[in-house]
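>>> attaching a predicted model along with its sequence, questions to come.
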Amino acid sequence: MVIRFLKPLFTKEEADEVESVSFYNELAVDVLARTIWGEARAESLEGMEAVASVVLNRVRVAQARGGKYWWGNDIISVCQKPYQFSCWNRSDPNYRKLIAVTEQDKKFVTCQRISRRAVNNVLPDRTKGATHYHADYVSPYWAEGEEPVIIIGRHIFYKLVEA
């Protein structure tokens, strides 16, 4: 009987890189899912997907500009940039709920599914490249004079920055 040893699929460094990317992607899925939940859990599936698309569009803008933009350059930094997505503001009443939500919440499970699709680049962008949005019951200064690209549910979407 001859025992043959197979060559490892990855070197130690490659395996560490794969593990690191996998860890980051799972963290990005969680942060994006919480962002979607915090911003759009009362919206339709399309509305929740639209919030995810805004995050992805911001990441694309940053990457097109050399990986740097004031709102961050990856999913986590874009979602958690202070005062961009109000659910992450520690003074926001939703913040404690956002941190505590678990898979017992069916809407959060939906947000996780959307987030996984977004992280894997298989989420269609129904926002026409929107980089900003706001609820229809507020009028932020930055939207004054701007033309919305689409309205989905109670959110009004704008494309204010080109990739």
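That came in fine, so what should we check first?

>>> quick one: Val61 from Lys159, how far?
Counting by CB to CB, to the nearest Å, the gap between Val61 and Lys159 amounts to 10 Å. In short, each C-beta sits where N, CA and C put it, glycine included.

>>> anything in contact with each of the two?
When contacts are counted by CB atoms under 8 Å, 6 or more residues apart in numbering, Val61 and Lys159 are jointly contacted by Thr131.

>>> roughly how far does the residue lying closest to Leu45 once chain neighbours are set aside sit from Ile36?
Distances taken as CB to CB, 6 or more residues apart in numbering put Thr110 closest to Leu45, at 7.0 Å, once the chain neighbours are dropped. Separation of Thr110 from Ile36 (CB to CB) stands at 8 Å.

>>> what touches both of the two?
For the pair Thr110 and Ile36, residues contacting each of them under the criterion CB under 8 Å, 6+ apart are Met48.

>>> of the two, give the one with the bigger neighbour count.
More neighbours surround Ile36 than the other of Thr110 and Ile36, with 29 against 17 (other CB atoms under 10 Å).
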